[in-house]
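Trainee: 3D model of this:
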Amino acid sequence: MKKVACVGILVADVMVSGMNGTPNKGELARVDGVTIHNGGNAMTAAINLTKLGVETRMVGKVGCDLFGQFLEERLNAHGVDTRGLAKDENTGSSVSIVLLDKSGERSFLHTVGTNGTFAESDVDYSIIDECDLVFLTGTYLMDRFDGAETAAFLKKCKEMGKTTFLDVCWDAKGRWASVLDPAMPYIDYFMPSIDEAINIAGCNDLEGMADVFMSKGVKNVVIKTGKTGSYMRLADWTEGKTYPSLKGVTAVDTTGAGDSFCSGFLSAFARDLDPEECIKVGNTTGAMCVTAKGATTGIRSFDETLEFMKAHS
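Mentor: Take a look at the predicted model:
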């Protein structure tokens, strides 16, 4: 089975539940609970892939703080190889504080932290060399790595004979294509969500988006279309195909659904399945993710995933 390197962002999510408004200065407000969870696209994918039985390496950056220690321990607990995890003594780990009020509404406080200082120079290419597939995810949230360094990294990966996959986050700065264009020729499978794809391509139909991405050098296009499923166009296809979502699935929490889709696709690709089978597995893991609270909780073994797909097709 092929090995995967997950490259990109890690985030410690601190959840404060049961808030009843924000206290005034100097006041104390009691809440129902405070918990800490692992998050970040690359970390989520790495944990999911190990749960799906794929040997996985994590390449990213954390601070030399308690949050960084927590994130590394969570990866190790799930069996993810963390030798590629760089440490920053001067910058804290990336943290999100999720404020959950009694009605269920959420507000967020976020520090970019070490995701913003992660650079190509932090990558241990001996770890990349051990892997067959490279999944880069978190573009637009890695201030230093985005743009020219992403292109240089992926170019190096292709020179090393690796198959490259890339997913993005929402670009709050609105740069979109200008940041990603230099890397496009080195992406074998581009895997954005529909809303991100619209902004990067500058059009809103799937075939048009695939045309734009492929004209810039992307080999294959996979677009997550949310509740409806997904779309794929391979390099030798004249037009793409849509793949419907599973039936009879009740959503509890959509956190991490896109990352889970990518994890499923990669887990099937690592087993040398046909891309059309890979995208069906991706739809399945995305569906499994939303059946439980948390970004990785709903993911189970590969065999259980195939059983779930059969039951809900």
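
Trainee: got a list of what the residue nearest in space to the middle of the chain touches?
Mentor: Taking CA atoms, centre = their mean, the centroid of the chain lies closest to residue 41, which sits 3.1 Å from it. Taking CB atoms under 8 Å, 6 or more residues apart in numbering, we find residue 41 in contact with 8, 9, 137, 138, 167, 169, 259. All C-beta spots, glycine's among them, are computed from the backbone N, C-alpha and C.

Trainee: Report the spatially closest residue to it, excluding sequence-adjacent ones.
Mentor: Counting by CB to CB, 6 or more residues apart in numbering, residue 41 lies nearest to residue 137, which is 4.1 Å off, once chain neighbours are set aside.

Trainee: Also residue 248?
Mentor: Residue 248 sits nearest to residue 312 (CB to CB, 6+ apart), 5.3 Å away.

Trainee: Run a quick neighbour tally on that neighbour.
Mentor: Applying other CB atoms under 10 Å, we find 15 residues neighbouring residue 312.

Trainee: Which phi and psi values does it adopt?
Mentor: Backbone geometry at residue 312, expressed as degrees, to the nearest 10, gives phi -110, psi 10.

Trainee: need the contact list for it.
Mentor: Neighbouring residues of residue 312 by CB under 8 Å, 6+ apart: 246, 247, 248, 249, 284, 287.

Trainee: and residue 107, what pLDDT?
Mentor: As summarised for this prediction, residue 107 has a pLDDT of 87.

Trainee: Which residue, other than its chain neighbours, is closest to it?
Mentor: residue 99 (4.4 Å).

Trainee: neighbouring strands for the helix or strand hosting the one you found, and are they parallel or not?
Mentor: Applying DSSP states H and E as the criterion places residue 99 in strand 95-101. When pairing is defined by DSSP bridges, strand 95-101 lines up against strand 11-19 (parallel), strand 106-111 (antiparallel).

Trainee: Output it as PDB, nothing but the C-alphas.
Mentor: Taking Å, rounded to 0.1, in the frame of the first residue of the first chain, the C-alpha atoms of strand 95-101 are listed here in PDB:
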ATOM      1  CA  VAL A  95      -5.100  28.000  18.300                       C
ATOM      2  CA  SER A  96      -8.900  28.600  17.800                       C
ATOM      3  CA  ILE A  97     -11.100  29.400  20.700                       C
ATOM      4  CA  VAL A  98     -14.600  28.400  20.000                       C
ATOM      5  CA  LEU A  99     -17.300  30.200  22.000                       C
ATOM      6  CA  LEU A 100     -20.500  28.200  22.100                       C
ATOM      7  CA  ASP A 101     -23.500  29.900  23.600                       C
END
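
Trainee: For it, the averaged confidence score.
Mentor: So the average pLDDT for strand 95-101 ends up being 90.

Trainee: Name the residues of that strand that are buried.
Mentor: Neighbour-count burial for strand 95-101 flags 95, 96, 98, 99, 100, 101 (criterion: 16 or more other CB atoms under 10 Å).

Trainee: out of these, who's nearest residue 48?
Mentor: Nearest to residue 48 among the buried residues of strand 95-101 is residue 96, at 19.0 Å by CB to CB.

Trainee: show me the contacts for that closest one.
Mentor: Here residue 96 is in contact with 11, 12, 13, 14, 39, 108, 109, 110 (CB under 8 Å, 6+ apart).

Trainee: Tell me the one of the residues you listed nearest residue 117?
Mentor: Distances from residue 117 to the contacts of residue 96, taken by CB to CB, are shortest for residue 11, at 14.1 Å.

Trainee: quick one: pLDDT of that closest one?
Mentor: For residue 11, the pLDDT comes out at 97.

Trainee: List the residues that contact it.
Mentor: Neighbours of residue 11 in contact, by CB under 8 Å, 6+ apart: 38, 39, 40, 43, 94, 95, 96, 115.

Trainee: Quick one: buried ones out of those?
Mentor: Among these, those buried by neighbour count (16+ other CB under 10 Å) are 38, 39, 40, 43, 94, 95, 96, 115.

Trainee: quick one: which of those residues is nearest to residue 202?
Mentor: For these, the nearest to residue 202 is residue 115 (26.7 Å; CB to CB).

Trainee: ok, which stretches of the stretch 201-313 of the chain are strands?
Mentor: For the stretch 201-313 of the chain, strands defined by DSSP state E, counting those that start in this stretch occupy the ranges 220-224, 229-233, 241-244.
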